[in-house]
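[1] sequence below, structure please.
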Amino acid sequence: MKCLPLVYFLGFSLVLSVLKAEKVRIAVSDLLADTIESAIADFAEQNSMEFDFYKEGSLPAMERMTSDELDIAIIAIPDGYLRPDSERYSVIPLAYDLAVLTVNVDNPLGEISIPQLGGIFGKNETQDYKYWGDLGLSGWTGRSIKAMVVETKPSISSEIFKYTALGSKTFKSSINNTDTENADRVIANDVTCICLVSRAAKSSQVKTLMVSVDDDMPAYGPSVDNVHYGDYPFRLPFYVVFEKSNTERIKPILSYLLSENCSQVLDQDNFYALPDTVRSQLSFELNMTRSE
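    Prediction:
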C-alpha cells in the first residue's frame, strides 16, 4: 500500500507527458498566416508544445475543421456571411483588415458616404464624381478629384472596399495605383488627392476620413472600437474557430492568441487587433470555461 502513491504519480505523469507531446493542428487564413506563424512557433517552443501549422484559404480550413482534421482554424468571415455552428464551435474574434480613406489635412472634407465613394472610385456606379464641388465643397467646383489606391500586403484593402462600396466591384480606369511612400508624399502636397489605404493616417499632413453607410447616416472613423463593433464599414474580420469539446486541450494557444503580445504582432503588420477591454474579457471567459 505504501507504493500506491508513487505508482499513481508515475501514471499521472505519463498521461501529462502524452498530452504534452500531442500536436495541436492549426490552420490560418493565407491572408493572416505570415503575420502570426513565427509568433505561434516561438510560443510553442517556449512552452514545449508541438503543433502543425497550415496556411490555406478560409473555406478549405473550415472544411478541414468540420472533418476533424484541425484543432484550430483562424479564418476570414466577411460581415453578413454565416458563421460556423455555434452549438458545436466557439467562434471568437481576433483581428481585422481595413480599407481607409485619406486626404490632405487642408482638404475641408471630414466625412464621406459610401455612395459618394462609389461615385469617385467605381466604374458604372449610379453617380460619377469627378470634381470636389460635386460633393458640395464650396469654392472647389473646378478642382478635379485625384484618386489613388495603395495596397500593402498582407492587407487586401482594395478588395474590402470594392466588396462594400462598389456595385460593379471594379475601379475606374482613371484610378492610380501607387505605393505607400509615394501616396503619403503626393497627399501631403496636393489637397485634391484622396487615397484608399489599409491604415489610418499617421502623418500630420494627412487626415483620415470618417465614413457613413449612406448620406443621411452618421459617419465613423476607423478607431479600434468602431472597427470591432462594426460601426466603421470597411472591415474584414478574422475569427478563431475551435470545437467547444476541445477547449481545455488547446487552451494554451488560445490564451496566447488573446494575449497582448499577439495583439502587438498583429498591429505591427497593419491589422487591427481587438480593443484591450474586449480581449481581456474574452481571455477571462476562456480561462473560466471548461470543455463540454
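[2] any low-confidence regions in this structure?
    1-22, 290-292 (pLDDT under 70).
[3] which stretches in it count as helices?
    Listed in chain order, the helices of the chain (DSSP state H) span 4-21, 33-46, 58-66, 114-121, 157-165, 180-189, 224-228, 247-257, 260-268, 276-288.
[4] how close does the residue nearest to S173 when sequence neighbours are not counted sit to S155?
    Closest residue to S173 apart from its sequence neighbours, by C-beta to C-beta, 6 or more residues apart in numbering: K123 at 7.3 Å. Every C-beta, even on glycine, is put in place using the N, C-alpha and C of the backbone. Look at K123 and S155: by C-beta to C-beta, to the nearest Å, they are 22 Å apart.
[5] do the same with P222
    13 Å.
[6] same thing with D42?
    In terms of C-beta to C-beta, D42 sits 23 Å off from S155.
[7] could you do V206 as well?
    Distance from V206 to S155, counting by C-beta to C-beta: 17 Å.
[8] Y131 now?
    From Y131 to S155 the distance is 29 Å (C-beta to C-beta).
[9] specify the beta-bridge partners of the most centrally placed residue in the chain.
    In the chain, the C-alpha nearest the mean C-alpha coordinate belongs to Y96, at 1.6 Å (C-alpha atoms, centre = their mean). Y96 has the following beta-bridge partners by DSSP bridges: P237, Y272.
[10] for it, what are its contacts?
    V227, H228, R235, L236, P237, F238, F271, Y272 (C-beta atoms under 8 Å, 6 or more residues apart in numbering).
[11] run the last query once more with 10 Å
    Y96 makes contact with 76, 160, 222, 224, 227-228, 230, 232, 234-238, 266, 271-274 under the criterion C-beta atoms under 10 Å, 6 or more residues apart in numbering.
[12] who's in contact with the nearest residue to S223 once chain neighbours are set aside?
    Distance criterion C-beta to C-beta, 6+ apart; nearest residue to S223, sequence neighbours excluded, is Y232 at 7.4 Å. The neighbourhood of Y232, defined by C-beta under 10 Å, 6+ apart, consists of 96, 98-100, 210-211, 219-226, 272.
[13] over to Y232: give its phi and psi.
    phi -80, psi 130 (degrees, to the nearest 10).
[14] can you give me the strands for the stretch 101-250 of the chain?
    Assigned by DSSP state E, counting those that start in this stretch, the strands in the stretch 101-250 of the chain fall at 111-113, 146-150, 176-178, 193-197, 206-208, 210-212, 235-243.
[15] I am finished for the moment; much appreciated.
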